[in-house]
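# let me see the structure of the following:
(2 chains)
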Amino acid sequence: MSQYIDVSYDTKIPNNVGLSSDRRVLKALEKWHPGYLDWWKGSGPDGFLEDLVYLRTAVSVDPKGWAKFGYVKMPEYRWGILLAPQVEGRVIPCGEHYGEPAWQEVPGEYRAMLRRLIVIQGDTEPASVEQQRFLGKTAPSLYDMRNLFQVNVEEGRHLWAMVYLLQKYFGRDGREEADELLRRQSGSVDKPRMLGAFNEETPDWLSFFMFTYFTDRDGKMQLEALAQSGFDPLSRSCRFMLTEEAHHMFVGETGVGRTIQRTCEAMNEAGISDPTDIDRIRALGVIDLPTIQKKLNLHYTLSLDLFGSEVSTNAANAFNAGIKGRYQEHKIDDDHRLLDATYPVSEFTDGKIVIKDAPALTAINMRLRDDYTRDAAGGVKRWNTIIRKAGIEFELKLPHEGFHRQIGTYAGAPITPEGEVISAGEWAARRDEWLPSKADGDFIASLMVQVREPGEYAGWIAPPRMGIDGKPGDFEYVKLHDA
Amino acid sequence: MIRQHLIDPEICIRCHACEEACPRDAITHNDDNVVVDASICDGTGDCLGPCPTGAIDNWRMVSEPYTLEAQFEWMELPEETAPESEPEPEPAPAPDPDAPRPREVAPASAARPVVGLYPPSRPIEAVVQGNYRLTAAGADTDIRHIVLGFEGADFPFLEGQSVGINPPGTNDKGRPHVARRYTISCPRDGERPGAGNISLTIRRIPGGICSNYMCDLARGDRVKLHGPYGKTFLMPDDSAARLIMICTGTGAAPFRAFTMRHQRVMGDLTGRLHLFFGARSPEALPYHGPLQKVPESFLAKHFAFSRIPGQPKRHVQDALSEAAEKLAPMLHDANTYIYLCGLRAMEPGVEEALGEVAARAGLDWPALRARMLAQGRYHVDTY
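Numbers count the residues shown, from 1 in each chain, chains lettered A, B, ... in the order given. From the prediction side, this is the model:
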């Protein structure tokens, strides 16, 4: 077992997949490596190549000691290829091959489908690093700056994980796809990233927190579904990535929570009890709760689009092939083939929202999205607890699934956050009530200033309750070389 | 009383990473909380590392464990009803009213220690892999290097932490013998890297129940131990740190661990480690031979021997005073850490010597010491 757990450092690329004895893949990856570093320098965090950042580096896949913390310059981060240990006798958990031994090699008939899934997953990883490229310059504290960079280097490692699978199992096609992953650019006109939400800007830190809460949570659900794959190397890769992904959820949930906390504190200090008294609240240098709701509406709905169409034959095929399972497939009590099962699916027809039973097999996306919504609702509940504890009457809500959608049955439908169908004209007129306007964005941008003193925080956000790795409040998470 | 493992619902983000990591499936959740089932959890600690928030690392001494239903309802952790009882086995020295000691804190960059994973009620069993006499055959002290293996079980610890041992049997009142604590003398990855073992450095005390029990162990014997203990006497995880390590006798144990850890992960550094080590004679100084092999540039060694015939008595504080010129500039460095470990009797002399060094650096020692204590840069473990 130990050879799977311990990480080998005898190649330039730390790994637990025996790279040193796999010359072909090692060579391919070593050839890819310089391009990756160029990409990191040109598209990764802008202006922080020389700074020492207190980062977590995965050094093992043994849960007890899987990571170590230490000061690292980001370009020298040890991006490695780590797969969770192989489970003896693992079987394909779903679809028509249910119960057969999991594949250790790519099954020929599903090669194209698998490659596409891996490429889509891989494409999101560098995309978010690109989207967050300039945020370091407005970090509200060294603590937050460090968390941003931690998320960034781990997204980088996740790209490595997917590139390894492409290089190892997909020959020439895989090599080309791996190169393409470095060529596409978030927001580029010529060569954009593959999914919509990953071409949106992340203009400010509240967006970053909302992104890590809502969009990275889509990533988590996709990884959960791929961790159920019958293609064992993909499953093992994704299982280990989930360990790191938890930190990204944490950054999002606590980031939004701390923003809310500070707003509530400032309101109470100033004796403002009406959360809609926006001008007076903004004058305190904090972000009013209704604007936070708008940001939530935006990022939640962009993230819902990432699940694709509610009814999808692609998703059905992937499930049936045993290549992508459902969230926590192994804990679901059914036949895992979905031969006769149905699942309620919403549909927007003739200006009305109706719920219909669809074959569960084609409703895989809808089901994963429902699981996502349940997962996402938990944090919103905890944010509301902060508001309630501060004695302020306001409740954040997840908007209706039909609101502000570009993909699936609701695409373009004029539906309010409450789920009411209105006219397209009215929707357009009221857009700024529900989604951040340019003025909202300008206001938030005006608060974004870099805070460089250890233990100090920008005025719009509360300090965290606990440090990273148990560190005290004034710990210098980033040693800025020009400080 | 049992030590119940709980998750802080105010800090937990419900990522369920702990749930995936638990080999016993002791962790479960409902729509609100992630909770630990006290009837299943055996404290293996696999869940601690994956937790991104630290919410996982909460423990309460309870007579009746909190049920899952109760934990599902929590909005926050309940107040602690009983103090955490870590055994304090060493007879506590009478507090010196003139020298109130502020609470020590760990170095800021130190890794987070796991504490009390194996409580006295549920110790871990180890097998003796070796028991070697460190002092010369003719020396009047018998100090042992004892290597214990865990046979694949996990015993996560950090350099500077200690273990507790209850010698078997009962005292003349029919009660079990009190526990003794010994500092681990090897780095966190084991006496041999990755071998899952630890070493202890133990002096045989005439008439001592536990020390004689330990020093008499033979290869293959089995020993129960609990721990690990200690949250503050830890080494900084920072290549910029300088360590001044001051000890007598078996007080060298943590410093052997610190030095070996540096050798294993920062072996190319020079000028960071300074050891001041007092004993009666070279023959009575544990690890005297191996220490000679460590290059002076990696570990500057200052020995002081108090019983060499025909030579004046020299104590560890004398070695400090002699090195004052070299040490003084280090006291200005915010990366300097001072550690004292050994007999309590050395403290006043060492304090005085450090006072001299500080004066030479133009610093007020009591003020500097207070500052270093608060910053986790001054640590004392004396007995």
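
# and B:G278, what element?
If you go by DSSP states H and E, B:G278 is part of strand B:273-279.

# pairing partners for that strand, with directions?
Strand B:273-279 has the following sheet partners, assigned by DSSP bridges: strand B:242-248 (parallel), strand B:299-305 (parallel).

# now the last one: average pLDDT?
Rounded to a whole number, the mean pLDDT of strand B:299-305 is 93.

# so after that strand, what's the next helix or strand?
helix B:316-322.

# output that following helix as PDB, restricted to C-alpha atoms.
These are the backbone C-alpha positions of helix B:316-322, laid out as PDB (Å, rounded to 0.1, in the frame of the first residue of the first chain):
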ATOM      1  CA  VAL B 316      25.600  24.700  30.900                       C
ATOM      2  CA  GLN B 317      25.200  28.400  31.900                       C
ATOM      3  CA  ASP B 318      29.000  28.800  31.800                       C
ATOM      4  CA  ALA B 319      28.900  27.600  28.200                       C
ATOM      5  CA  LEU B 320      26.200  30.200  27.500                       C
ATOM      6  CA  SER B 321      28.200  33.000  29.100                       C
ATOM      7  CA  GLU B 322      31.300  32.000  27.100                       C
END
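
# ok, A:L135 touching A:F211?
No: applying C-beta atoms under 8 Å as the test, A:L135 and A:F211 come out as separate, 10.2 Å apart. To be clear about C-beta, it is placed using only N, CA and C from the backbone, and glycine gets the same treatment.

# thinking again about what came up before, list the buried residues for the strand holding B:G278?
B:273-279 (16 or more other C-beta atoms under 10 Å in any protein chain shown).

# quick one: those residues as TSV, columns for pLDDT too.
Output for the buried residues of strand B:273-279, formatted as TSV (pLDDT from 0 to 100):
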residue	pLDDT
B:L273	94
B:H274	95
B:L275	96
B:F276	96
B:F277	94
B:G278	92
B:A279	90
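
# which of the residues you listed lies closest to chain A?
B:L273 (18.1 Å; C-beta to the nearest C-beta).

# hmm, who's touching the strand holding B:G278?
B:242-249, B:252, B:255, B:258-259, B:262, B:285-286, B:291, B:298-306, B:315-316, B:319-320, B:323, B:327, B:330, B:342, B:346 (C-beta atoms under 8 Å, 6 or more residues apart in numbering or on different chains).

# same question, stretch B:64-78
Under C-beta under 8 Å, 6+ apart, the answer for stretch B:64-78 is A:385, B:2, B:4, B:6-10, B:28, B:30, B:32-33, B:35-39, B:58, B:60.

# off-centre distance for the strand holding B:G278?
Strand B:273-279 sits 18 Å away from the centroid of its parent chain (C-alpha atoms, centre = their mean, to the nearest Å).

# ok, which stretches of chain B are helices?
B:17-21, B:68-73, B:209-215, B:253-265, B:288-293, B:316-322, B:324-331, B:346-360, B:365-374 (DSSP state H).

# in JSON lines: those helices, plus distance to A:K68.
Formatted as JSON lines, these follow (distance: least, C-beta to C-beta, whole Å):
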{"stretch": "helix B:17-21", "distance to A:K68": "17"}
{"stretch": "helix B:68-73", "distance to A:K68": "31"}
{"stretch": "helix B:209-215", "distance to A:K68": "32"}
{"stretch": "helix B:253-265", "distance to A:K68": "9"}
{"stretch": "helix B:288-293", "distance to A:K68": "27"}
{"stretch": "helix B:316-322", "distance to A:K68": "33"}
{"stretch": "helix B:324-331", "distance to A:K68": "27"}
{"stretch": "helix B:346-360", "distance to A:K68": "32"}
{"stretch": "helix B:365-374", "distance to A:K68": "26"}
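
# leaving out sequence neighbours, find the closest residue to the residue of the stretch 301-450 of chain A found nearest chain B.
Scanning the stretch 301-450 of chain A for proximity to chain B using C-beta to the nearest C-beta identifies A:G378 as nearest, at 5.2 Å. Spatial nearest neighbour of A:G378, excluding adjacent residues (C-beta to C-beta, 6 or more residues apart in numbering or on different chains): B:R14 at 5.2 Å.

# nearest to A:R280 among the buried residues of strand B:273-279?
Of all those, A:R280 sits closest to B:L273, with 58.4 Å by C-beta to C-beta.

# ok, what's across the strand from the closest one?
Beta-bridge partners of B:L273, as defined by DSSP bridges: B:L243, B:L299.

# tell me who's in contact with residue 321.
Answering for chain A, as no chain was given. Per C-beta under 8 Å, 6+ apart, neighbours of A:A321: A:95-97, A:107, A:109-110, A:113, A:230.

# wrong chain, I was asking about chain B
B:S321 neighbours (C-beta under 8 Å, 6+ apart): B:353, B:356-357.

# 7 Å - rerun?
Listed by C-beta atoms under 7 Å, 6 or more residues apart in numbering or on different chains, the contact set of B:S321 reads B:353, B:356.

# with B:R280 instead?
By C-beta under 7 Å, 6+ apart, the neighbours of B:R280 are B:305-307.

# turn those residues into a markdown table, including neighbour count and distance to A:A84.
Below are these laid out as a markdown table (neighbours: other C-beta atoms under 10 Å in any protein chain shown; distance: C-beta to C-beta, whole Å):
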| residue | neighbour count | distance to A:A84 |
| --- | --- | --- |
| B:F305 | 19 | 54 |
| B:S306 | 17 | 56 |
| B:R307 | 13 | 58 |
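
# closest one of the residues you listed to chain A?
The closest of the contacts of B:R280, once distances to chain A are taken by C-beta to the nearest C-beta, is B:F305, at 38.2 Å.

# hmm, B:H315 and the closest one touching each other?
No: here B:F305 lies out of contact with B:H315, judged by C-beta atoms under 7 Å, at a distance of 9.1 Å.

# and the residue sitting nearest the centre point of chain A, what element?
Ranked by distance to the mean C-alpha position of chain A (C-alpha atoms, centre = their mean), the top residue is A:D216 at 1.4 Å. Take DSSP H and E as the rule and A:D216 turns out to sit in helix A:216-227.

# and what of A:E433?
helix A:424-434.

# alright, calling it a day.
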